[in-house]
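Visitor: Return a 3D structure for these sequence lines:
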Amino acid sequence: MPAWGNRDLHVILVARGTMSAARAIAGVITALYLAAVGFSAVEIGVLFLCVTIVSAVLSTVIGMASDRIGRKPFLVAIPLLAAVAGVVYGVSDTPVVLFIFAAVGSFGRGAGAGGGTVGPYQPAESAMVADQVAPSFRATAFGRLAFMSSLGALAGGLLAGLASAPPHLRAAQAMAAYRPAFLAAAGLSLIAGIVALALHDSKGMTDRVRESRRRRGGGAPSRNRWPRRSWPALWRLWITNSVNGLAMGLTGPFVSYWLYRRYGAGPGEIGLLFAVVNLGSLVSTLAAAGIGRRLGTVRAIVAVRAFAGVLLIPMVLVPTFWWAGVLYFVRMLAQRVGLPLRQSFTQDVADPEERASLAALSNVPAQGTMAFSQVLAGYLFDDIGLAAPFELGAVLQLVNAIVYGVLFGRWQPHLSGEGPVADGAAPVPGTASTPGAPVRAGPSAGAPVRAGPSAEAPVRAVSELE
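Guide: Numbers count the residues shown, from 1 in each chain. Next comes the predicted model:
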């Protein structure tokens, strides 16, 4: 247990690990199950569109509400909804029921080996992690969160092998074959919700930030639901995330489906590949904070996005499943480096009162573009070719890397200076300038702001500074 962590952070990590295992199972088997019960690629794309729209609405509501009523209710409720969805998928093959509960459980959103990181409560989770640690340790904390996500997804990839499903099953046979895996996902989701009951809520964080701001003459507490103080970061994130949403919708939810169609791989083989990918990712997620310090956070994000985009093209052109698996493995190692850096950077540029709101609203355009591109991917699979969605996704991901570098390359977040939090205590806001304002930097633009003489030095709490 690091000195900069606390009990609530570790509860979040355990809950994330179990929830990621559940989502990884769903990420492997959902598209395969839908294909087995008779869905075409376009119909699967339409189902994923519905999932994306509902998830976007939930994410927005959760992000804005959790800044006002607290994070804990959503970290408990959403896993419980996913548990219900897993049970329903284990006992039903009725199309309308599958559509409804895929949306409820976010099945199919962000699938593939990285699917364990996704959930509509992610804005509340990210904000709660940011509440628990000093800014100088925030990237490290998000690296631990990504590590637990990879660890859970590793287990989930192996558990996906519970779906023993040979080709050409009838609908009833497919439901019976996939049922054990869906029920395992339901059980793990239930555990995640129960674990989250142990959290202290962090609503007191935003209350104390508002009061500290008022006492320091920083203006009246924000009563708006719109994150107006974080607007300079928000519109930039809207642009970059919109392009990224197009790329991810073409590729992410269809990785297991593509492996099935391209190479005839079943749930066991795909689950094993995803488990190996997540095993390797355990190292890259923990290395993310150090890479961000050496390269600069923005430069590191741009580099890994560009690299991951380039690797998509040879991945879909190689002739064998395992060669494709090797390239997918390397690609996901790079992608996992960028995940905690992006989460940490988003929280750094947000006003402390608006963290969850910014995290939620910044992804709304991405959900819209992802919804469109998922249906486009289904059309491309059915009528153009199996490689077409991935090749188009590669181009868009390269464009996204360039746009991200242009918009954030000279941006340095003002770290807010919250101190580490004792177990059971509400975090105490710091006295540094409000985050979220762009800084026109010099030659070292894009590098992280160092808090004190060392980037790893803990930041003192406001009580010590006052």
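
Visitor: contacts, neighbours, all on C-alpha from now
Guide: OK.

Visitor: so what's the backbone phi/psi at Val399?
Guide: Dihedral angles of Val399 (phi, psi; degrees, to the nearest 10) stand at phi -60, psi -40.

Visitor: Need the per-residue pLDDT for it.
Guide: Here the pLDDT value assigned to Val399 is 95.

Visitor: give the contact list for it.
Guide: Applying CA atoms under 8 Å, 6 or more residues apart in numbering, we find Val399 in contact with Val243.

Visitor: which one is Ala324 nearest to, not counting chain neighbours?
Guide: Met315 (5.0 Å; CA to CA, 6 or more residues apart in numbering).

Visitor: Packing partners of the strand or helix carrying the one you found?
Guide: Assigned by DSSP states H and E, Met315 belongs to helix 297-317. With contacts taken as 3 or more CA pairs under 8 Å, 6 or more residues apart in numbering; DSSP states H and E, helix 297-317 sits against helix 267-295, helix 321-348, helix 388-408.

Visitor: quick one, it and helix 388-408 angle?
Guide: If you take axes from the mean of the first three to the mean of the last three CA atoms, to 10 degrees, helix 297-317 sits at 170 degrees to helix 388-408.

Visitor: What segments of the stretch 51-200 of the chain are helices?
Guide: For the stretch 51-200 of the chain, applying DSSP state H, counting those that start in this stretch gives helices covering 72-91, 95-105, 122-132, 138-159, 171-196.

Visitor: just to revisit the earlier point, could I get the helices and strands packed on helix 297-317 in TSV, plus columns for distance to Gly86?
Guide: Output for the helices and strands packed on helix 297-317, formatted as TSV (distance: least, CA to CA, whole Å):
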stretch	distance to Gly86
helix 267-295	17
helix 321-348	26
helix 388-408	28
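
Visitor: Relative to Val87, which of those is closest?
Guide: Nearest to Val87 among the helices and strands packed on helix 297-317 is helix 267-295; the distance by CA to CA comes to 18.7 Å.

Visitor: now for the helix or strand hosting Tyr257, which elements pack on it?
Guide: If you go by DSSP H and E, Tyr257 is part of helix 255-263. Applying 3+ CA pairs under 8 Å, 6+ apart, we find helix 255-263 packed against helix 7-36.

Visitor: so the helix it packs on versus helix 255-263, what angle?
Guide: Computed by the same axes, to 10 degrees, the angle separating helix 7-36 from helix 255-263 equals 40 degrees.

Visitor: Helix 7-36 versus helix 171-196: what angle between them?
Guide: Angle of helix 7-36 versus helix 171-196, following the same axes, to 10 degrees, is 170 degrees.

Visitor: Please name every helix or strand in contact with helix 7-36.
Guide: Judged by 3+ CA pairs under 8 Å, 6+ apart, helix 7-36 is in contact with helix 41-69, helix 122-132, helix 138-159, helix 171-196, helix 255-263, helix 267-295.

Visitor: hmm, 6 Å instead?
Guide: Secondary-structure packing of helix 7-36 (3 or more CA pairs under 6 Å, 6 or more residues apart in numbering; DSSP states H and E): helix 138-159, helix 171-196.

Visitor: List just the one of the ones you listed that sits closest to Val91.
Guide: helix 171-196 (7.0 Å).

Visitor: Show me what the closest one packs onto, helices and strands only.
Guide: Helices and strands touching helix 171-196, by 3+ CA pairs under 6 Å, 6+ apart, are helix 7-36, helix 72-91.

Visitor: how about low-confidence regions in the protein?
Guide: Counting by pLDDT under 70, the chain contains low-confidence residues at 1-2, 108-118, 165-168, 202-225, 412-466.

Visitor: Now do the contacts for Gly157.
Guide: Going by CA atoms under 6 Å, 6 or more residues apart in numbering, Gly157 touches Ala24, Ile25, Gly271, Phe274, Ala275.

Visitor: Now render the helices and strands packed on helix 7-36 as a markdown table, adding distance to Tyr379.
Guide: Listed next are those as a markdown table, based on distance: least, CA to CA, whole Å:
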| stretch | distance to Tyr379 |
| --- | --- |
| helix 138-159 | 28 |
| helix 171-196 | 23 |
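
Visitor: nearest to Ala394, of the ones you listed?
Guide: helix 138-159 (23.2 Å).

Visitor: How far does that closest one sit from its chain's centre?
Guide: Chain-centre distance of helix 138-159: 11 Å, with CA atoms, centre = their mean, to the nearest Å.

Visitor: Ok, stretch 4-19 next?
Guide: Counting by CA atoms, centre = their mean, stretch 4-19 comes out at 16 Å from the chain centroid.
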